[in-house]
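Colleague: sequence first, then the predicted structure, then my questions.
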Amino acid sequence: EGRRNLWLELTQIAVDPRVSPLPWKVLGDFNLSLNPKADFRGRTRITGGMTEFRNCLTSADHNPIVTKLDRILESMFSDHNPSCVEIGRPQVMANRPFRFPNFITNHPYLIPRIREAWEALHYEGTKMFSVVKMLTQWKRTIKDINKDHYSNLKKRISEALDNLTECQKTFSSLQRQLWPHWRRKHTRNWWIFRGAVWISTVLSWVAGSPKLHELRDVLSATNTPDSSSGPDQYLWNTGGIERSTFSVARTWEELRPSDQPKPWYKVVWFKCCIPKHTFTFWVTTADRLPFRCRLVSWGIATSALCCLCNLHDETRDHLFLHCEFNQLVWKIILHRLGQPSLAFANWSELITWMLGPSHHTPKLLKLLAVQATIFFLWKERNTRLHDSCSSTPDLCFIYIDRCIRDAILAYNRRNSSSLLSCWFT
C-alpha cells in the first residue's frame, strides 16, 4: 500500500503543469526491480509489484538510467539537455589523532629520548606556554620510538620465529646429551613450527624447581644410552633399597613431606567415623578454628565474648569445655556414657580420656559421641553468630543423639546392637 501511494504521487507530479514542461529526475531507493532478471533471488515471473512499478514509469514518462534497486529516473523531455548527478566525493582523510601507547612506558629508550628532546627545545614566552609547546613536540619523539621499535610487527614476529627455528635446529643437533631429549619430550610449547595457526608463549626451558635443576645437571653430564649395552632395566630406589617392582605407597611416603605421627591420631581417624565430625575434631585438636579471640587479633571481630554465654572470651577450652551451655550438653552425654561425674579442665585432658581404656563404655561409642558433641557445639556457635538463631541444650542433644544412632545403625557388625544398648542404658 505504501508503494502504491508513492507511484500515485510520482504520476501526479509528472502531470503537474509546473513540472511537466521541465526536465526533472527522481533519485531514491525503491527496493523493487523492474524485471525478474534484476532480482537477486532469481525469480522467473513478473510480480504485481513489478507491473505497478512499470506502469508508474510509463505514466510519468521516466527513463530508468540506473538499474537494480537504487535508481535515477529522468524524464524524457529532452535528449540534448545533459544532467549531472554527483554520487559522492571521496572522503578526505584527516590527520590521525595522537594516541599515547601505554606499552611504550616500559621501553628503556623512552626516558633518555624525552630528556634529550626536552633539553634541546627552547621557547620564548610564559612558563605555561613553554611547557605546552614542549609537550606538543614530545609527540614526534614518541611516534619515532613507536615506529622504530614497534612498527611492522608481522615482519618482526617472522624474523623472531626464524631465529627461534635456528636455535631449535642447533639445540636438536646435540645428539650426545640427554637434557635436550628430556626437554623436547616434556615441554609441550618449546617446539613451534611455522605452519601453526597460532603461536603460544614459549616456556622457559630452564626449570625453576631445585630438583629439576639437579636433574638437568645430571642429564646434561650423562651420555645417551647405547643400544649395544643391552636392554634397559628399571630399578626403584626407595629408602636406599633398590626394588624390582614399583610401589605407589612407598613412593608417596618417600616424596611427601612427613612428620612423626601425633599421639592423638587414633582418636581423630578411626573406622566408622563420620567424615565431617572427624574433620572438625581434627581442626579443633590442632587449634585452628577461627574463635572470636583470634578474630579480634586479626582485626575482623570487635568482641571476643563467647557466642553461647557472653560471659568469657571465646577460646577452644572455654567454648567446648567450660561454657555453661556446653556443660549442660556434656552432662547429658557423659551420663549416657556411664560417667556422669567426669569433667575436663582442658583439651589435653579430653584427649587423654579418649585415649585411655574404657571400662564402662565401648571405645567406638565414646569416640563417636565426643566428635559429634564437638561438631554440634561448633555448629550451634556458628548459627548464633551468623544467623542469630539459638537452641536449648536439650535440643542440641537431640541432634547429637539422632546422629549417633544413625551411625550405629549403619555400623554393619554383630555388636551394633550392643552399642545401641550401651547408648540407651
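Modeller: That came in fine, so what should we check first? Numbering: from 1, shown residues only.

Colleague: how does the protein divide into domains?
Modeller: 2-75, 102-151, 170-195+206-223, 266-424 (automatic domain parsing).

Colleague: pick out the shakiest of the ones you listed, pLDDT-wise.
Modeller: Looking at the domains of the chain, the lowest mean pLDDT belongs to domain 170-195+206-223 (a mean of 59).

Colleague: can you list the domains of the chain in a markdown table and add mean neighbour count?
Modeller: Yep, even glycine has a C-beta here, placed from its N, CA and C like the rest. Compiled in a markdown table, those are given as follows (neighbours: other Cβ atoms under 10 Å):
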| stretch | mean neighbour count |
| --- | --- |
| domain 2-75 | 14 |
| domain 102-151 | 12 |
| domain 170-195+206-223 | 12 |
| domain 266-424 | 16 |
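
Colleague: in the stretch 1-150 of the chain, mark out all the helices, start to finish.
Modeller: 2-14, 48-60, 110-120, 127-150 (DSSP state H, counting those that start in this stretch).

Colleague: wait, which of those helices is closest to P97?
Modeller: helix 127-150 (10.5 Å; Cβ to Cβ).

Colleague: what's the angle between the closest one and helix 110-120?
Modeller: Put simply, helix 127-150 runs at 140 degrees to helix 110-120, going by axes from the mean of the first three to the mean of the last three Cα atoms, to 10 degrees.

Colleague: hmm, back to that, possible to save the domains of the chain as TSV with distance to D259?
Modeller: Formatted as TSV, these follow (distance: least, Cβ to Cβ, whole Å):
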stretch	distance to D259
domain 2-75	79
domain 102-151	46
domain 170-195+206-223	20
domain 266-424	12
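
Colleague: ends of stretch 407-421, what's the gap?
Modeller: One end of stretch 407-421 to the other measures 14 Å (Cα to Cα, to the nearest Å).

Colleague: kindly apply the preceding question to stretch 105-125 instead.
Modeller: 30 Å.

Colleague: now do it: distance to the chain's middle.
Modeller: Stretch 105-125 has its C-alpha centroid displaced from the chain centroid by 41 Å (Cα atoms, centre = their mean, to the nearest Å).

Colleague: what are the contacting residues of that stretch?
Modeller: 104, 129-130, 133-134, 137-138, 140-142, 144-145, 149 (Cβ atoms under 8 Å, 6 or more residues apart in numbering).

Colleague: closest to L305 among those?
Modeller: For the contacts of stretch 105-125, the nearest to L305 is I104 (57.7 Å; Cβ to Cβ).

Colleague: so that closest one makes contact with Y150?
Modeller: Yes. Assessed by Cβ atoms under 8 Å, I104 is found in contact with Y150 at 7.4 Å.

Colleague: measure R18 to L57 for me?
Modeller: Distance, R18 to L57, by Cβ to Cβ, to the nearest Å: 20 Å.

Colleague: cool, and R384?
Modeller: In terms of Cβ to Cβ, R384 sits 88 Å off from L57.

Colleague: how about H312?
Modeller: For H312 relative to L57 (Cβ to Cβ), the value is 100 Å.

Colleague: go on, T315?
Modeller: 98 Å.

Colleague: ok, now H122?
Modeller: 73 Å.

Colleague: again, but for P290
Modeller: 86 Å.

Colleague: list the residues that contact the spatially closest residue to L321 that is not a sequence neighbour.
Modeller: With sequence-adjacent residues excluded and distances taken as Cβ to Cβ, 6 or more residues apart in numbering, L321 is closest to F344, at 5.1 Å. In this structure, F344 makes contact with L321, L350, W353, judged by Cβ under 8 Å, 6+ apart.

Colleague: mind putting those residues into CSV with distance to Y411 and secondary structure?
Modeller: Formatted as CSV, the contacts of F344 follow (distance: Cβ to Cβ, whole Å; DSSP: H, G, I helix; E, B strand; the rest coil):
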residue, distance to Y411, secondary structure
L321, 28, helix
L350, 23, helix
W353, 22, helix
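
Colleague: between those residues, which is closest to S388?
Modeller: L321 (24.8 Å).

Colleague: make sure the closest one is actually in contact with N346.
Modeller: Yes. Judged on Cβ under 8 Å, L321 makes contact with N346 at a distance of 7.1 Å.

Colleague: show me the contacts for P340.
Modeller: Counting by Cβ under 8 Å, 6+ apart, P340 touches K331, L334.

Colleague: sec struct for it, please.
Modeller: Recorded secondary structure, P340: coil (DSSP: H, G, I helix; E, B strand; the rest coil).

Colleague: swap in the one 4 residues further on?
Modeller: At F344 the chain is in coil, as set by three-state DSSP.

Colleague: nearest residue to K139 in space, please, no chain neighbours.
Modeller: Nearest to K139 is F98, by Cβ to Cβ, 6+ apart, at 5.1 Å.

Colleague: the one you found reaches T141, doesn't it?
Modeller: No. F98 is beyond contact range of T141, at 11.8 Å (criterion: Cβ under 8 Å).

Colleague: what touches both of those two?
Modeller: Common neighbours of F98 and T141 (Cβ under 8 Å, 6+ apart) do not exist.

Colleague: ok, now how distant is H277 from V15?
Modeller: 99 Å.

Colleague: circling back to that earlier point, nearest to S388 among the contacts of stretch 105-125?
Modeller: For the contacts of stretch 105-125, the nearest to S388 is I104 (56.2 Å; Cβ to Cβ).

Colleague: dump the residue contacts of the closest one.
Modeller: Contacts of I104 by Cβ under 8 Å, 6+ apart are L110, I142, I145, N146, Y150.

Colleague: cutoff 7 Å now
Modeller: Counting by Cβ atoms under 7 Å, 6 or more residues apart in numbering, I104 touches L110, I142, I145, N146.

Colleague: could you work out the most separated pair of those residues?
Modeller: L110 and N146 (10.0 Å).

Colleague: shouldn't R384 be in contact with L305?
Modeller: No. At 11.6 Å, R384 does not count as touching L305 under the criterion of Cβ atoms under 7 Å.
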